[in-house]
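K.L.:
I'll drop the sequence and a predicted model, then ask my questions.
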Amino acid sequence: MVATPRARPIHTAELPGIPCLAAESLNAYFGEVHAVKDVSLALDEHRVTAIIGPSGCGKSTFLRCLNRMHETVPGARVTGKVSLDGHPVYGADANPAAVRRHIGMVFQRPTPFPTMSIRDNVAAGLAILGRDKPSRHETDQIVEDALRRAALWEEVKDRLKQSAVALSGGQQQRLCIARALATSPRVLLLDEPTASLDPASTQKVEELVYELRSSMTVGIVTHNMQQAARVSDRTAFMLQGELVEFAPTNTLFTAPRDPRTEAYITGRFG
Amino acid sequence: MTTVTLQRRPLRRATRRRRGITSGVMVALTYAAAMVATLPLVLILFHVVKLGIGALSIDFFTKMPKPVGEVGGGLANGIVGTLELIAIAALVGLPVGIGAGLYLAEKKTTLLANSVRFLSDVLNGLPSIVMGIFAWQLLVKPIGHFSALAGGVALGAMMIPLVTRTTEEMIRVVPGSLREAALALGYPRWRTSLSVVLRTAMPGIVTGALVAVARIAGETAPLLFTAFGNQFWSTSPMQPIAALPLQIFTYAISPYDDWHALAWAGALVLILLVLLISIAARAATRARYGAAAD
């Protein structure tokens, strides 16, 4: 697939949307540390929502609460509500593994499984589906599809059986995105996906994120304000665990309402 | 502004001389220590090869021991017996050791994990003859006779702490980010541990297992009153079984020259076996880093 020319996101003043993944009064703790304070924020369907803020503001932790990854850290705790299409993510009968199958995640550092080939890496999420596991042939098709969407197919199609660790950092990260896409999640969460990549790879990933909105809901945490401006429809600004401002990206960067937001985006701190 | 001096501070001639001598002496001492450290192995190898190679022949590997006075014969039953004992030991030691190592790596700091870790270190330092007594009490006394099974269990019990600790170490060096990646894909915890963490650590665990096998292959004490030894052909796990180390012992303390020669040959074969396993262990380690590099 040839990268399409970039179009600017269209920001209307109101930017209507249908909430897909919504957090309500979310609090997250590491032991005694209160990392996320009473945050209510919804990721709208087919929109890219960026979360920005200085290091340690709780933006990654917030993202990790949405797919129940936060609780995998010893001593971590979450209170409040998260719902996916109205279903409670923290409901008594909700299974964390099932939640994560619907809400994919890509991390700051590429994490290909070193024991698996490129193909098996992409198919890793399919291998655990038990009875619903696609056939070998179907899997090959899904793998190709996911790699095409991640703009990696042309680079790896002749070496699908080779080890994934032989790929460059940028390729590994796109492989991880393909791996997350292969299971067709409702939502894709990206936790600083380009922080360890060079500018060329960063651009590829950004183009990818921009295109993904047509098929899913995307949440992206980033250090880079230009990146948030480039790829997102809405931007949330977090500071010291609190959600300071949440607005259409255009509005947040051109006419922030909160003086703290203005101070941050004009580079006065952080 | 401070001046930048890239030259070394000038020293008095006496100081320079003294330092030179100290340095020379220390280098010589460490060099000598390194030589002495490898000396026993070189001497043993040299000696065993010299005395054992003469009795080594096809017969040694294929024939049974001959009665005293008859020429020839081999230690086929001892070689097969040792391999069988290693197999039983691996069946006992590997699943328990790998399972325990996985537990320790997953539950790093629980009271049980800390106790298991400590006891496993104690077990590692236990004299091997005590392992023999343990297996005797467990499997020889109740059954009423010596058996290959009892010998294998004694050796397996020796493997457990070795395998446990290497498994734990190898799992711990698997990056936590891989575990997170698997969880984020919707892998249940057990599946994350097995198909991602354990699988990534596998080459290291294989190396650890082979090192443990090499350690126990030549053990004699735990077999004295468990496997016991057998002059005849037997592969039944419920009967006493011959083993190379036991036969070396028996033959070495006998008064017959041709038995002495067989004992040396047995020692040579045992050393070669251990060497082979060690080389395999190294190859497994290399496979691990090789896979990461290519």
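P.N.:
That came through, no problem. Residues are numbered from 1 along each chain as shown, chains lettered A, B, ... in the order given.

K.L.:
pLDDT at residue 16, what is it?
P.N.:
Using chain A. On pLDDT, A:Pro16 comes in at 72.

K.L.:
you looked at the wrong chain, it should be chain B
P.N.:
According to the model's per-residue confidence, B:Arg16 sits at a pLDDT of 89.

K.L.:
So which residue is smack in the middle of chain B?
P.N.:
When chain B is reduced to its mean C-alpha position, the nearest residue by C-alpha atoms, centre = their mean turns out to be B:Arg215, at 2.3 Å.

K.L.:
A:Gln141: neighbour count?
P.N.:
Other residues within reach of A:Gln141 by the criterion other C-beta atoms under 10 Å in any protein chain shown amount to 12. For glycine as for every other residue, the C-beta is placed from the backbone atoms N, C-alpha and C.

K.L.:
nope, B:Leu111 is what I meant
P.N.:
8.

K.L.:
Over stretch A:157-173, what's the mean pLDDT, rounded is fine.
P.N.:
Mean pLDDT, stretch A:157-173: 92.

K.L.:
Return the set of buried residues in the helix or strand containing A:Ile51.
P.N.:
Per DSSP states H and E, A:Ile51 falls inside strand A:48-52. Burial within strand A:48-52, assessed by neighbour count using 16 or more other C-beta atoms under 10 Å in any protein chain shown, is assigned to A:Val48, A:Thr49, A:Ala50, A:Ile51, A:Ile52.

K.L.:
Grab the nearest non-local neighbour of the closest residue to chain B within chain A.
P.N.:
Per C-beta to the nearest C-beta, A:Arg101 is where chain A lies closest to chain B, at 3.4 Å. Of all residues beyond its chain neighbours, the one nearest A:Arg101 is B:Gly186 (3.4 Å), with distances taken as C-beta to C-beta, 6 or more residues apart in numbering or on different chains.

K.L.:
Mind checking what secondary structure the one you found has?
P.N.:
Taking DSSP: H, G, I helix; E, B strand; the rest coil as the rule, one finds B:Gly186 in the coil state.

K.L.:
Spit out the contact partners of it.
P.N.:
B:Gly186 makes contacts with A:Ala97, A:Ala98, A:Val99, A:Arg100, A:Arg101, A:Gly125, A:Ile128, A:Thr183, as judged by C-beta atoms under 8 Å, 6 or more residues apart in numbering or on different chains.

K.L.:
how many other residues sit next to A:Cys57?
P.N.:
What A:Cys57 shows, counting by other C-beta under 10 Å, is a neighbour count of 24.

K.L.:
would CSV of the buried residues of strand A:48-52 with pLDDT and distance to chain B be doable?
P.N.:
Compiled in CSV, these are given as follows (pLDDT from 0 to 100; distance: C-beta to the nearest C-beta, whole Å):
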residue, pLDDT, distance to chain B
A:Val48, 95, 19
A:Thr49, 95, 18
A:Ala50, 96, 19
A:Ile51, 96, 17
A:Ile52, 95, 22
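
K.L.:
Nearest to A:Gln227 among those residues?
P.N.:
Of all those, A:Ala50 has the smallest distance to A:Gln227: 7.6 Å, by C-beta to C-beta.

K.L.:
Could you tell me which residues of the stretch 1-150 of chain A lie near chain B?
P.N.:
By the criterion of C-beta under 8 Å from any C-beta of the partner chain, the positions of the stretch 1-150 of chain A lying close to chain B are A:67, A:69, A:72, A:96-101, A:104-105, A:107, A:109, A:111, A:113-115, A:124-125, A:127-128.

K.L.:
Backbone dihedrals for the single nearest residue of the stretch 151-294 of chain B relative to chain A, both of them.
P.N.:
The shortest separation between the stretch 151-294 of chain B and chain A is 3.4 Å, found at B:Gly186 (distances taken as C-beta to the nearest C-beta). Dihedral angles phi and psi of B:Gly186 (degrees, to the nearest 10) take the values phi 100, psi 10.

K.L.:
PyMOL command for the buried members of the contacts of B:Gly186?
P.N.:
A single PyMOL command suffices to select whichever of these are buried according to 16+ other C-beta under 10 Å:
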select buried, chain A and resi 97+99+100+101+125+128+183
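
K.L.:
pLDDT check: weakest of the contacts of B:Gly186?
P.N.:
Within the set of these, pLDDT is lowest for A:Ile128 (86).

K.L.:
wait, what's in contact with it?
P.N.:
With contact taken as C-beta under 8 Å, 6+ apart, A:Ile128 is in contact with B:Leu185, B:Gly186, B:Tyr187, B:Pro188, B:Arg191.

K.L.:
Spatially nearest residue to B:Leu198 (excluding sequence neighbours)?
P.N.:
B:Leu102 (6.4 Å).

K.L.:
The one you found sits in which helix or strand?
P.N.:
helix B:76-106.

K.L.:
Same check on A:Phe62?
P.N.:
When secondary structure is defined by DSSP H and E, A:Phe62 falls within helix A:59-66.

K.L.:
Moving C-terminal from that helix, which element do we reach first?
P.N.:
Where DSSP H and E defines the elements, the next helix or strand beyond helix A:59-66 is strand A:76-84.

K.L.:
What residues sit buried inside that following strand?
P.N.:
A:Ala76, A:Val78, A:Gly80, A:Val82, A:Ser83, A:Leu84.

K.L.:
on that earlier part again, quick one: which of the contacts of A:Ile128 is most hemmed in?
P.N.:
Counting neighbours by other C-beta under 10 Å, the one among the contacts of A:Ile128 with the most is B:Leu185, which has 27 neighbours.

K.L.:
Could you list the residues of chain B in contact with chain A?
P.N.:
Taking C-beta under 8 Å from any C-beta as the criterion, chain B approaches chain A at residues B:175, B:177-178, B:180-188, B:191, B:195-196, B:199-200, B:202, B:291-292, B:294.

K.L.:
Which of those residues are buried, as a ChimeraX select command?
P.N.:
To isolate the buried members of those in ChimeraX, using 16+ other C-beta under 10 Å:
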select /B:178,180,181,182,183,184,185,186,187,188,191,195,196,199,200,202
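
K.L.:
quick one: which of the residues of chain B next to chain A sit in helices?
P.N.:
Counting by DSSP state H, the residues of chain B next to chain A place B:177-178, B:180-184, B:191, B:199-200, B:202, B:291-292 in helices.
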